[in-house]
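Engineer: Fold the following.
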Amino acid sequence: MYKLIALFLLILPLPLQAQQVEVASARIWTEPDKTRLVLDIAEPISHKIFSLDNPDRLVIDIPDAKLTGKLPTVEADEPLLMGLRSGIREGDDLRLVLDLKQKARAKSFLLQPSGKYGLRLVVDLTPSGKGASAKGTKIVKGHPSAPAQLRNVIVAIDAGHGGADPGAIGATGTQEKNVTLQIARRLARLMKKEPGMTPVLTRNGDYFIRLRKRIDLARKHEADLFVSIHADAYRDRQVRGSSVYTLSQRGASSEAAKWLADKENSADLVGGIDLSESDDMLKTVLLDMTQSATLEQGNLAAKRVLANLQKVGSVHKGSVQKAGFVVLKAPDIPSMLVETAFISNPQEEKRLNSSEHQARLAAAILGGIRVYFSHNAPPGTKLAAKAGKGDERRYVISHGDTLGEIAQQFHVSVTSLRSANQIDGDQIRVGQVLTIPET
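Structural biologist: Residues are numbered from 1 along each chain as shown. Just a heads-up that it's a prediction; the model follows:
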């Protein structure tokens, strides 16, 4: 009997020693409001993060883990990180030490496999403590109470994709995210030289931003126009040409429903109106009116840009296209999406990599925006005042406008304003275009 038990024990497998989890590689993304460290891991891990002072450091301890790849080099202009190093703790544990330029707080989470990326541990660092400052530049435009305080129009320029999302990829490996950022930067540089305009880039580096966060950034800067830059792709490599998109009516309707269903969205200011204080029926009417005016203005701007792109090269469609792109769904910001070319077309891919062609595309987009604002600049802006010096002045009605306020702004009488536009009484509608008579 004892022999049988001994034999049985001999054939039982011995307990396996716990395998160390492999941390294959690491990447650093620098974003306007944070620095992101991404660790590629073979399987889910437990970890602990704590801070140390004098000097400022963050420590990440990962039990039963080993680093099999190299740590990235930290760029000199990285706002938070000074360096990144690793070591072994208690024989089997991995310790990562993040040397900081200033105190920072950390937030970590696991990202499930997606596309070419496997499981990842993400650690987001944001400034903390006294003297902490945002890494991006905040641009806040004023609302002048007097004509002397005229402001610039704000244009949000959105470079599509970024970071872990490369977008479309051309035959020779050109990534859409890089091309769109280069064109967006060129457009911003040109726009900075344009009197009466201020550009705001939703991203100014190779990092990922959620689609709705792009809208939030545009709204944070109180943008008057949102322009998203992309480079299209199609299975047929012969397809070519630029396209310009605005939001479809169906997309607008579904977005309105989403806004009304979201309590946080309902409390947002839309077109100067706080929806949180309105009943459901009034919310629906107000949001529908806001979107109608916004879509109308977006279409006007898109037509101007498309007309200018036709001067640079071929266009895929001769008219503005409609689609439900998420980045076009801000109900209070006129928006367009510009597909600069088909990166899947070898000839167009080559041109997209050309600095000269990128400059021509940026100039064409700016030219269309310039023409749009010459006729549709928001009141209280330098461009609106400049447009008022021509032979005929026009004004597009927004929420909250009254004939009395418009007359006062342009220094004309209400009577002459009614007469020039054949208006009986004081009733006007959002989106209506008024002709402003001479003083």
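Engineer: if you skip the residues just before and after it, what's nearest to Leu187?
Structural biologist: Nearest non-adjacent residue to Leu187, counting by Cβ to Cβ, 6 or more residues apart in numbering: Ala362, 4.2 Å away. Every C-beta, even on glycine, is put in place using the N, C-alpha and C of the backbone.
Engineer: Run a quick neighbour tally on the one you found.
Structural biologist: Each residue near Ala362 was counted by other Cβ atoms under 10 Å, and the total is 24.
Engineer: Would you confirm that it contacts Leu190?
Structural biologist: Yes: under the criterion of Cβ atoms under 8 Å, Ala362 makes contact with Leu190 at 5.6 Å.
Engineer: okay, and for the stretch 1-150 of the chain, where does confidence drop off?
Structural biologist: Residues of the stretch 1-150 of the chain that meet the criterion pLDDT under 70 lie in 1-18, 115, 129-148.
Engineer: For the stretch 201-350 of the chain, which segments count as strands?
Structural biologist: Counting by DSSP state E, counting those that start in this stretch, one finds strands in the stretch 201-350 of the chain at the ranges 225-232, 243-247, 269-270, 273-274, 321-323, 335-342.
Engineer: picking up where we left off before, what separation do you get for the residue nearest to Leu187 and Phe373?
Structural biologist: Per Cβ to Cβ, to the nearest Å, Ala362 is found 16 Å from Phe373.
Engineer: Identify the residues contacting the residue most central in space within the chain.
Structural biologist: By Cα atoms, centre = their mean, the chain has its centre lying nearest to Arg214, at 2.5 Å. Contact analysis of Arg214 by Cβ atoms under 8 Å, 6 or more residues apart in numbering lists 156, 158, 202-203, 228, 327.
Engineer: what does the model give it for pLDDT?
Structural biologist: You'll see Arg214 listed with a pLDDT of 88.
Engineer: From Val433, how far out is it?
Structural biologist: Arg214 sits 29 Å away from Val433, going by Cβ to Cβ.
Engineer: Please apply the same query to Ser374.
Structural biologist: Ser374 sits 14 Å away from Val433, going by Cβ to Cβ.
Engineer: who's more crowded, those two?
Structural biologist: Between Ser374 and Val433, counted using other Cβ under 10 Å, the more crowded position is Ser374 (16 against 13).
Engineer: Which SSE is immediately downstream of the strand or helix carrying that one?
Structural biologist: In this assignment (DSSP states H and E), Ser374 forms part of helix 355-376. Using DSSP H and E, the helix or strand that directly follows helix 355-376 along the chain is helix 382-387.
Engineer: got the buried residues for that next one?
Structural biologist: Under the neighbour-count criterion of 16 or more other Cβ atoms under 10 Å, helix 382-387 has 382-385, 387 buried.
Engineer: same deal with stretch 208-217?
Structural biologist: Buried residues in stretch 208-217, counted by 16+ other Cβ under 10 Å: 209, 214-215, 217.
Engineer: Equivalent analysis for stretch 64-75, please.
Structural biologist: 65, 67, 71, 74.
Engineer: Make TSV from these and add secondary structure to it.
Structural biologist: Output for those, formatted as TSV (DSSP: H, G, I helix; E, B strand; the rest coil):
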residue	secondary structure
Ala65	strand
Leu67	strand
Leu71	coil
Val74	coil
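Engineer: As TSV, these with distance to Ala171 would be great.
Structural biologist: As requested, these are exported to TSV (distance: Cβ to Cβ, whole Å):
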residue	distance to Ala171
Ala65	39
Leu67	36
Leu71	33
Val74	34
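Engineer: got the contact list for Arg186?
Structural biologist: Each residue near Arg186 by Cβ under 8 Å, 6+ apart is listed here: 358-359, 361-362.
Engineer: and what of Arg418?
Structural biologist: Listed by Cβ under 8 Å, 6+ apart, the contact partners of Arg418 are 403, 424.
Engineer: Quick check: the farthest pair among the contacts of Arg186?
Structural biologist: Taking Cβ to Cβ as the measure, these span a maximum distance of 7.4 Å, between Ala359 and Leu361.
Engineer: more crowded one of those two?
Structural biologist: When neighbours are counted by other Cβ under 10 Å, Ala359 and Leu361 differ, and Leu361 comes out ahead with 28 against 16.
Engineer: Might one say that that one is in contact with Thr340?
Structural biologist: Yes: contact criterion Cβ under 8 Å: Leu361 and Thr340 qualify, at 5.3 Å.
Engineer: Spit out the residues that contact those two alike.
Structural biologist: Both Leu361 and Thr340 are contacted by 183, 242, 309, under the criterion Cβ under 8 Å, 6+ apart.
Engineer: Appreciated, that's everything.
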